[in-house]
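# Model the following, please.
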Amino acid sequence: MASKFGLAGGIPERRVRPIWDAIDSRQFKNALKITTTLLSKHPHSPYALALKAMILERMGKSDEALSVCLNAKELLYKNESLLMDDLTLSTLQIVFQRLDHLELATSCYEHACGKFPNNLELMMGLFNCYVREYSFVKQQQTAIKMYKLVGEERFLLWAVCSIQLQVLCGNGEEKLLLLAEGLLKKHVASHSLHEPEALIVYFSILEQQAKYGDALEILAGKLGSLLMIEVDKLRIQGKLLARAGDYAAAANVYQKILEICADDWEAFLHYLGCLFEDDSSWSNETIIHPPKFVKCKLTHLTDEVFDSRVSNASAFVQKLQAEASNDSLRNPYLAHLEIERRKCLFGKNNDDDLIEAILQYYSRFGHLACFISDVEAFLQVLSPEKKMEFLDKLMKNSNSLSAVPTKALGQSINLFKTQELIGNVFRLSVGELEGFAVQMAELYCKNLPLSKDLDPQESMHGEELLSIVCNVLVQLFWRTRNPGYFVEAIMVLEFGLTIRRYVWEYKILLLHLYSQFGALLLAHERYKSLDVKNILMETVSHHILPQMLASPLWADLSNLLKDYLKFMDDHFRESADLTFLAYRHRNYSKVIEFVQFKERLQHSNQYLVARVEAPILQLKQSADNIEEEESILESLKCGIDFVELSNEIGSKSLTFNEDFQSRPWWTPTTEKNYLLGPFEGLSYYPKENLTKEREANVRGIIERKSLLPRMIYLSFQSASVLHKDNSEINGSLTDPKISSELKTLLERYAKLLGFSLNDAIDVVVGVSRGLKSYEVPV
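Residues are numbered from 1 along each chain as shown. Predicted structure coming up:
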């Protein structure tokens with residue numbers, strides 16, 4: 001590159017360095033001044049023009065920046081004698097990308113590669129452009145050219161990853177994997193492989209084609225030595241053996257893994273899966289947050305085979321427990337519980353053994369905050385009578401709490417949580433429940449000194465107690481409909497935040513309590529205090545967004561939507577940087593992961609809802625100004641794109657990335673709120689899989705609301721006909737076409753609400769005259 005010889009884009013580097021220094025220190029006016037001087041001496045330098053465009057873009061002068069960039073591009077195309085270096089092109093690329101004209105940067109690189117077909121740096125720049133455009137086929141073609149030019153392994157892997165992406169995220173057929181496999185085989189035969197990541201890619205190509213035997217053969221051969229960490233090698237071997245159906249050999253491999261890493265829970269589930277010839281533990285690999293416990297298939301085993309394999313598993317787990325050098329290792333003891341659970345599921349009537357195992361687990365780990373999440377799945381196997389029997393035994397054991405104050409506190413908290421989990425609290429009278437809440441509040445206050453030396457942002461000992469108090473008070477409100485309990489729940493949590501203002505669980509509970517109470521301003525304040533940033537905007541904003549969409553707090557809703565959409569759009573713009581960085585650092589598994597993550601976010605139901613709601617909110621906010629409304633509708637292409645979205649939403653795949661585990665028990669999803677219905681006599685609701693129900697609901701909302709901008713635009717056009725001659729109207733649409741399209745959309749909208757158009761008109765007229773009271777979905 002020219003800069004290697006003291007030049008930057010054909011200009012002496014000493015003249016360019018002050019410009020970059022000024023840009024880095026955000027002194028854009030000074031940088032522009034130096035660049036203007038530089039251009040007076042080098043008026044036909046594309047690099048100097050690219051620098052000027054970059055400065056103008058940073059100053060917010062987008063139109064000027066684009067014009068300067070186009071001038072630089074024209075110079076590059078016209079003057080064959082000009083230096084065509086990567087520094088100039090990459091600078092132009094930065095500006096074009098920030099101006100949302102990445103295709104212009106790509107065309108510059110394509111032109112440069114056409115002029116200098118053997119320039120590796122330019123080809124890498126072109127590959128980078130295709131990465132940013134997610135043009136997997138062109139990525140593959142460019143990577144193959146680079147591989148043929150220099151024969152480097154990394155470029156072959158770039159091509160193979162591009163092929164994988166065509167199959168996983170594009171429209172590529174699976175037979176393309178044969179091409180990838182052939183390329184790798186040929187390279188291995190002539191050059192072998194030299195990087196562990198390259199071998200991982202090779203295995204993934206073979207796995208996608210179910211060629212597990214071939215992968216095992218490679219793993220056992222010379223290439224297997226690339227994997228330096230023995231446990232990683234064993235994990236791959238165990239997975240391949242299990243997928244190939246050799247469960248006995250796979251079980252032996254997972255046994256070795258557990259002997260090395262006794263606390264590897266996933267390995268234990270795979271070990272049991274292999275013992276019982278059950279592939280359920282691999283079915284969650286594509287799930288972002290797989291469940292801690294998996295469903296299992298046991299019916300295909302005879303009693304004798306099942307007993308034999310359970311005996312083997314129990315003996316191995318006892319061995320792990322005996323050899324455990326660290327008392328904090330939970331896996332060997334959880335493993336015993338899992339074996340007892342599977343015996344229950346097989347119908348061995350071993351409820352008493354499972355109860356005893358959970359009691360032993362409590363005596364060892366009952367002080368840990370994770371105790372309830374550890375044993376929840378095991379308690380679900382028991383009948384209601386057996387659950388109460390377990391609780392009785394646990395209460396008797398609770399008399400012998402640990403002598404260590406923090407452990408004793410943890411055991412007490414988990415005792416309360418277990419009662420809540422099993423549903424015992426609703427066997428108590430209202431007075432007993434009040435006493436229960438008071439007891440926990442007193443325990444919280446009594447143990448405050450235990451946390452006096454902790455950092456303000458650290459979790460307190462016993463902070464969960466106030467959350468339990470809140471749950472009990474909300475349950476009392478649901479039971480009695482006495483709002484005093486509801487107010488007390490709010491006061492308890494506000495008191496907790498006075499003691500410790502960083503407890504996110506208190507803030508989320510308060511957010512939902514204030515929302516239930518109709519105090520959305522306070523709810524929104526609590527949400528803002530969570531300081532939600534980055535990817536948490538996707539996983540956490542479900543706590544407040546639905547309420548805000550139905551509220552009159554338009555300014556706050558506008559900020560919420562803007563922040564969310566800005567994060568998402570910035571991520572889509574910058575995720576390609578991470579992908580190309582992964583390519584350059586030869587971390588090929590991350591390449592696939594980054595692209596799949598970006599695809600997942602692009603199909604987010606919340607993102608689509610926000611994209612539809614943001615312009616509708618703009619139209620609401622400008623409803624008293626026709627000129628502003630028309631300007632907004634013009635920027636939305638008169639709503640045409642949204643009508644297309646409404647038409648396509650039925651076939652679009654949607655993803656649900658919200659973290660519903662953090663929601664309160666009374667509103668497990670955005671669509672459910674038990675407090676709005678009658679008291680059901682339950683205190684615990686297992687997390688239900690409501691994805692299908694939610695997906696249908698979200699599709700309906702998007703389909704319906706996407707029609708609104710177009711209907712508003714057509715309404716304006718129809719209204720203008722009353723005041724203007726048809727010849728004065730924009731000639732692209734005639735009055736009959738406008739009326740016909742508007743009627744069609746109105747009929748469709750009414751149908752989505754469950755009405756015919758005439759019935760919908762009757763309802764609207766009746767409500768407007770005060771003759772009817774009716775609520776429809778918004």
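# Break down this protein into its strands, ranges please.
In the chain, strands defined by DSSP state E lie at 7-8, 11-12, listed in chain order.
# need the contact list for Phe679.
Contacts for Phe679 were tallied using Cβ atoms under 8 Å, 6 or more residues apart in numbering; they are 478-479. In short, each C-beta sits where N, CA and C put it, glycine included.
# By mean pLDDT, show me the worst of the strands of the chain.
Of all the strands of the chain, strand 7-8 carries the lowest average pLDDT, namely a mean of 54.
# What's the local residue count around Leu241?
By the criterion of other Cβ atoms under 10 Å, Leu241 has 23 neighbours.
# tell me the pLDDT at it?
95.
# Identify the residue spatially nearest to it, adjacent ones excluded.
Ala250 (3.7 Å; Cβ to Cβ, 6 or more residues apart in numbering).
# I'd guessed that neighbour sits against Gly238; true?
Yes. Assessed by Cβ atoms under 8 Å, Ala250 is found in contact with Gly238 at 5.0 Å.
# got any residues that touch both of those two?
270, 274.
# can you give me the helices in the stretch 51-200 of the chain?
62-78, 86-98, 102-115, 120-133, 136-150, 153-168, 176-191, 196-208 (DSSP state H, counting those that start in this stretch).
# Just put the ones you listed in JSON lines and tack on distance to Phe390, mean pLDDT and mean neighbour count.
What follows is the helices of the stretch 51-200 of the chain, written out as JSON lines (distance: least, Cβ to Cβ, whole Å; pLDDT from 0 to 100; neighbours: other Cβ atoms under 10 Å):
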{"stretch": "helix 62-78", "distance to Phe390": "66", "mean pLDDT": "89", "mean neighbour count": "17"}
{"stretch": "helix 86-98", "distance to Phe390": "60", "mean pLDDT": "88", "mean neighbour count": "23"}
{"stretch": "helix 102-115", "distance to Phe390": "61", "mean pLDDT": "91", "mean neighbour count": "18"}
{"stretch": "helix 120-133", "distance to Phe390": "56", "mean pLDDT": "94", "mean neighbour count": "22"}
{"stretch": "helix 136-150", "distance to Phe390": "54", "mean pLDDT": "95", "mean neighbour count": "19"}
{"stretch": "helix 153-168", "distance to Phe390": "46", "mean pLDDT": "94", "mean neighbour count": "23"}
{"stretch": "helix 176-191", "distance to Phe390": "51", "mean pLDDT": "94", "mean neighbour count": "16"}
{"stretch": "helix 196-208", "distance to Phe390": "42", "mean pLDDT": "94", "mean neighbour count": "21"}
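# could I get those helices as a markdown table with distance to Leu329?
Formatted as a markdown table, the helices of the stretch 51-200 of the chain follow (distance: least, Cβ to Cβ, whole Å):
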| stretch | distance to Leu329 |
| --- | --- |
| helix 62-78 | 58 |
| helix 86-98 | 49 |
| helix 102-115 | 51 |
| helix 120-133 | 43 |
| helix 136-150 | 44 |
| helix 153-168 | 37 |
| helix 176-191 | 40 |
| helix 196-208 | 28 |
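# Those helices: which one's closest to Tyr583?
Among the helices of the stretch 51-200 of the chain, the nearest to Tyr583 by Cβ to Cβ is helix 153-168 (5.8 Å).
# which other helices and strands contact the closest one?
Helices and strands touching helix 153-168, by 3 or more Cβ pairs under 8 Å, 6 or more residues apart in numbering; DSSP states H and E, are helix 136-150, helix 176-191, helix 196-208, helix 588-602.
# CA atoms only for the first one, dumped as CSV, please.
Extracted C-alpha coordinates of helix 136-150, given in CSV (Å, rounded to 0.1, in the frame of the first residue of the first chain):
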residue,chain,number,x,y,z
PHE,A,136,-22.8,-14.7,0.9
VAL,A,137,-22.4,-15.9,-2.7
LYS,A,138,-20.1,-13.0,-3.6
GLN,A,139,-18.2,-13.5,-0.4
GLN,A,140,-17.6,-17.1,-1.4
GLN,A,141,-16.5,-16.1,-4.9
THR,A,142,-14.1,-13.4,-3.7
ALA,A,143,-12.6,-15.7,-1.0
ILE,A,144,-12.0,-18.4,-3.6
LYS,A,145,-10.1,-15.9,-5.8
MET,A,146,-7.9,-14.8,-2.9
TYR,A,147,-7.3,-18.5,-2.0
LYS,A,148,-6.2,-19.2,-5.6
LEU,A,149,-4.0,-16.1,-5.6
VAL,A,150,-2.0,-16.9,-2.4
